[in-house]
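Asker: sequence unknown, structure follows:
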């Protein structure tokens with residue numbers, strides 16, 4: 001499935017802006033809220049089973065932040081930083097429209 005130019009630019013800008021964060025600042029990262037403007041625009045849900053499948057048709061069963069390439073948490077962690085949200089902590093069982101399957 002091809003990625004639109006707009007989506008690519010959004011992901012690239014987010015990744016580039018978080019690359020400067022140190023490990024110390026990631027340890028003190030805030031938990032991402034579903035009401036965060038960026039989270040709302042990408043349809044972030046802390047529980048992937050709550051995703052509106054009609055609004056976000058890219059969602060498929062089994063997709064979750066914990067198995068997303070952008071998730072920076074340790075395997076099996078309850079939450080971890082996400083490059084899309086400036087290193088804020090996302091729930092490993094969550095999902096957003098920026099999901100990219102981990103290779």
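Answerer: Great, that's in hand. Just so we're clear, the structure is a prediction, and the values are computed from it rather than from any experiment.
Asker: ok, now which ones touch the closest residue to residue 67 other than its chain neighbours?
Answerer: Computed as Cβ to Cβ, 6 or more residues apart in numbering, the closest residue to residue 67 that is not its neighbour in sequence is residue 102, at 5.3 Å. C-beta coordinates here come from the backbone N, C-alpha and C atoms, glycine included. Applying Cβ atoms under 8 Å, 6 or more residues apart in numbering, we find residue 102 in contact with 67-69, 71.
Asker: If we use 7 Å, what do you get?
Answerer: 67-69 (Cβ atoms under 7 Å, 6 or more residues apart in numbering).
Asker: cool, residue 9 as well?
Answerer: By Cβ under 7 Å, 6+ apart, the contact set of residue 9 is empty.
Asker: And stretch 43-59, end to end?
Answerer: 10 Å (Cα to Cα, to the nearest Å).
Asker: Could you pull out the buried residues of that stretch?
Answerer: 43-46, 48, 51, 59 (16 or more other Cβ atoms under 10 Å).
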